[in-house]
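Participant: Please work out how this folds:
(chains A and B)
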Protein chains: 2
Amino acid sequence: MRTLVTICLLLVGCGPASNQPSGTDLTSATFIDMTHSVSLNAPFWSGEVTPFEYNALATHASGKVVMGQYAVPEHFGTHLDAPIHGGDNLPTVDQLTAEDLFGPAVVVDISSKAETDADYRLTREDLLEWEHDHGRIPDGAIVLLNTGWSLKWNDMDAYRNRADDGRMHFPGFGEESASFLANERSIRGIGIDNMSVDYGLSSGFEVHSIVNGSGKYHLENVANVHLLPATGAHLIVAPIKIEGGSGGQVRIWAVLP
Amino acid sequence: MRTLVTICLLLVGCGPASNQPSGTDLTSATFIDMTHSVSLNAPFWSGEVTPFEYNALATHASGKVVMGQYAVPEHFGTHLDAPIHGGDNLPTVDQLTAEDLFGPAVVVDISSKAETDADYRLTREDLLEWEHDHGRIPDGAIVLLNTGWSLKWNDMDAYRNRADDGRMHFPGFGEESASFLANERSIRGIGIDNMSVDYGLSSGFEVHSIVNGSGKYHLENVANVHLLPATGAHLIVAPIKIEGGSGGQVRIWAVLP
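Facilitator: All right, here's what the predicted structure looks like:
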């Protein structure tokens, strides 16, 4: 019997009935919340005059809220850029389905490069090197950059990193790496743990045009990217469903075995 | 060899390594979006003077939005009531975790009763009858009512169903059924496909006090509840993460085998 069970387990380990932890079963998974709270203290883009407003409509004896209302730009905090954000007549946020939104995470770590060069942009070579180490970027991947910026979230000055001339310095995707992902791989979208998939010095927002323009989405201000493995996590990406919206606040969880 | 494989499959079929479709594996599941879009046409609570405002900040040549900002009450459209909505010093929406939010759906169909009596309230006996047919409500369940109201979403008059005296007529949970779920079963939360877990005529919002007050959440204006089986679906519940918020717009998917 022991032999049978051993052979059985060996067969199971290799066959279609494999029960290897896949990181995709909701009842046995570990979840990492990759969402910063929407709050008055969240770092915001320079042009956002009223980044987030919250008004209590009724309060408890403690002063805590019974119910409230709020106002916010779609592209504030941890949010999703729908394809239309980067190109006319492309899908709006409410048109993205679970099949578009849920997929395997690929995490590329440029945090050490960004630590010495805040203007660092991901290169095509960085991606080829990642593939050398971890295998080809799988179809349907959501490619996240770990720039180290998530850890600066509670320090708005460090997060925006504005110089005296007002220009911001934070890392991003480069044009060639964006084109590689949009055209030579079959991804769902890209994401980053700072304010923009284009680096802080960008004025043309080329990565937005390339990736949104190709019908893919962006995730910006993603939390806890540094906690994810290079491969093996599966993402649940859940944006607010604004009719005709160009994007919006998004709840993101990584699902781990 | 065939014998070994047969024994193996039998063992696998009964053992912990079972690969039965559970409806919880993200890579093999079917998803049903249970979220109505947030829009200017969404039915809203009578007191909400400015239910939803949307302003484009930039537009494409087509007139479609490049980016926008919006204002909305937390309890508008498909939304979640965090426990604090119904009781002081209870968890706010940002304090709910994936472990709180994801769980098996139990669907109780009162649509035929509600069709003949729009003021119908779910009874304790309805739940006992459901358990007779489908087994005990599992620990961690999210108990959804199918009242048939989801199909009225695009007809605000039918959805609110206000009489000449201004009072609304739509079904809900009753106090005894709410107490049964909150105290005699171990649920994550409850949900309904109309505007409130309390029926339209309610003035005291007893169900809110009972269920939110016991630390559980509500889902209101849930879409497509009528498409779910009585058991077997698993819910992904993804509310906007407003710091200290009493609730907020929520994205909900049912995950089916």
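Participant: which residue packs closest to the closest residue to chain B within the stretch 151-257 of chain A, ignoring adjacent ones?
Facilitator: Residue nearest to chain B within the stretch 151-257 of chain A: A:Ala238 (3.3 Å; Cβ to the nearest Cβ). Using the backbone N, CA and C atoms, a C-beta is placed for each residue, glycine as well. Excluding the flanking residues, the one nearest A:Ala238 by Cβ to Cβ, 6 or more residues apart in numbering or on different chains is B:Ala238, at 3.3 Å.
Participant: So which residues make contact with the helix or strand containing that neighbour?
Facilitator: Element membership for B:Ala238, per DSSP states H and E: strand B:234-239. Contacts with strand B:234-239, where a contact means Cβ atoms under 8 Å, 6 or more residues apart in numbering or on different chains, come from A:26-27, A:236, A:238, A:251, A:253, B:22-24, B:34, B:79-80, B:82, B:93, B:96, B:101-105, B:142, B:189, B:217, B:219, B:247-255.
Participant: Throw together a ChimeraX command that grabs the buried residues out of the residues you listed.
Facilitator: In ChimeraX syntax, the buried subset of the contacts of strand B:234-239 is picked out as below (16 or more other Cβ atoms under 10 Å in any protein chain shown):
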select /A:26,236,238,251,253 /B:22,23,24,34,79,80,82,93,96,101,102,103,104,105,142,189,217,219,247,248,249,250,251,252,253,254,255
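Participant: Mark which of the contacts of strand B:234-239 are part of strands, please.
Facilitator: A:236, A:238, A:251, A:253, B:79-80, B:103-105, B:142, B:189, B:217, B:219, B:247-255 (DSSP state E).
Participant: low-confidence ranges in the stretch 151-257 of chain A?
Facilitator: Along the stretch 151-257 of chain A, no part satisfies pLDDT under 70.
Participant: can we see that at 90?
Facilitator: For the stretch 151-257 of chain A, the stretches with pLDDT under 90 are A:257.
Participant: which stretches of it form helices?
Facilitator: Counting by DSSP state H, counting those that start in this stretch, the stretch 151-257 of chain A has these helices, from start to end: A:156-160, A:175-179, A:206-211.
Participant: Buried residues in the second one, which are they?
Facilitator: To tie it back to what came earlier, the one meant is helix A:175-179. Across helix A:175-179, burial judged by 16+ other Cβ under 10 Å covers A:Glu175, A:Glu176, A:Ser177, A:Ala178, A:Ser179.
Participant: likewise the last one?
Facilitator: By neighbour count on 16+ other Cβ under 10 Å, the buried set for helix A:206-211 is A:Glu206, A:Val207, A:His208, A:Ser209, A:Ile210, A:Val211.
Participant: now the residues you listed in JSON lines, with distance to B:Ala230?
Facilitator: Output for the buried residues of helix A:206-211, formatted as JSON lines (distance: Cβ to Cβ, whole Å):
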{"residue": "A:Glu206", "distance to B:Ala230": "51"}
{"residue": "A:Val207", "distance to B:Ala230": "47"}
{"residue": "A:His208", "distance to B:Ala230": "45"}
{"residue": "A:Ser209", "distance to B:Ala230": "48"}
{"residue": "A:Ile210", "distance to B:Ala230": "47"}
{"residue": "A:Val211", "distance to B:Ala230": "42"}
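Participant: What is the burial count for A:His132?
Facilitator: By other Cβ atoms under 10 Å in any protein chain shown, 9 other residues sit near A:His132.
Participant: Enumerate the positions of the host helix or strand of it that are buried.
Facilitator: Assigned by DSSP H and E, A:His132 falls within helix A:124-134. Across helix A:124-134, burial judged by 16+ other Cβ under 10 Å covers A:Arg124, A:Asp126, A:Leu127, A:Trp130, A:His134.
Participant: What of stretch A:229-241?
Facilitator: Neighbour-count burial for stretch A:229-241 flags A:Ala230, A:Thr231, A:Gly232, A:Ala233, A:His234, A:Leu235, A:Ile236, A:Val237, A:Ala238, A:Pro239, A:Ile240, A:Lys241 (criterion: 16+ other Cβ under 10 Å).
Participant: just checking, the first one touches A:Pro104?
Facilitator: No - counting by Cβ atoms under 8 Å, A:Ala230 stays clear of A:Pro104, with 11.2 Å between them.
Participant: can you pull out the helices in the stretch 1-150 of chain A?
Facilitator: Applying DSSP H, counting those that start in this stretch to the stretch 1-150 of chain A gives helices spanning A:2-14, A:98-101, A:111-116, A:124-134.
Participant: Compare the mean pLDDT across these and name the weakest.
Facilitator: Looking at the helices of the stretch 1-150 of chain A, the lowest mean pLDDT belongs to helix A:2-14 (a mean of 38).
Participant: What is the burial count for A:Val108?
Facilitator: Using other Cβ under 10 Å, A:Val108 is surrounded by 22 other residues.
Participant: State the distance from it to chain B.
Facilitator: Distance, A:Val108 to chain B, using Cβ to the nearest Cβ, to the nearest Å: 22 Å.
Participant: Can you name the residues that contact A:Tyr70?
Facilitator: Counting by Cβ under 8 Å, 6+ apart, A:Tyr70 has contacts A:Val38, A:Phe52, A:Glu53, A:Tyr54, A:Asn55, B:Ala71, B:Val72, B:Glu74, B:Ile242, B:Gly245.
Participant: nope, A:Ala158 is what I meant
Facilitator: Taking Cβ under 8 Å, 6+ apart, we find A:Ala158 in contact with A:Lys152.
Participant: if I look at it, how far off is A:Ser150?
Facilitator: For A:Ala158, the distance to A:Ser150 equals 12 Å [Cβ to Cβ, to the nearest Å].
Participant: Which of the contacts of A:Tyr70 are buried, as a PyMOL select command?
Facilitator: Command for PyMOL that selects the buried part of these, burial taken from 16+ other Cβ under 10 Å:
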select buried, (chain A and resi 38+52+54) or (chain B and resi 71+72+74+242+245)
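Participant: just curious, which of the contacts of A:Tyr70 is nearest to B:Gly200?
Facilitator: B:Gly200 has its nearest neighbour among those in B:Glu74, at 20.3 Å by Cβ to Cβ.
Participant: isn't that closest one right up against B:Gly244?
Facilitator: No - the pair B:Glu74 / B:Gly244 is not scored as a contact, 10.8 Å apart, by Cβ under 8 Å.
Participant: how about low-confidence regions in the stretch 1-150 of chain A?
Facilitator: Along the stretch 1-150 of chain A, segments meeting pLDDT under 90 span A:1-25, A:27-28, A:45-50.
Participant: swap the cut-off to 80 and go again
Facilitator: Counting by pLDDT under 80, the stretch 1-150 of chain A shows low-confidence ranges at A:1-23, A:46-50.
Participant: of all the buried residues of helix A:206-211, which two lie farthest apart?
Facilitator: Greatest spatial distance among the buried residues of helix A:206-211 (Cβ to Cβ): A:Glu206 and A:Val211, at 9.6 Å.
Participant: any common contacting residues for these two?
Facilitator: A:Ala178.
Participant: returning to what we had before: Throw the contacts of A:Tyr70 into TSV and include distance to B:Asn224, thanks.
Facilitator: Compiled in TSV, the contacts of A:Tyr70 are given as follows (distance: Cβ to Cβ, whole Å):
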residue	distance to B:Asn224
A:Val38	27
A:Phe52	31
A:Glu53	32
A:Tyr54	30
A:Asn55	32
B:Ala71	27
B:Val72	21
B:Glu74	22
B:Ile242	25
B:Gly245	25
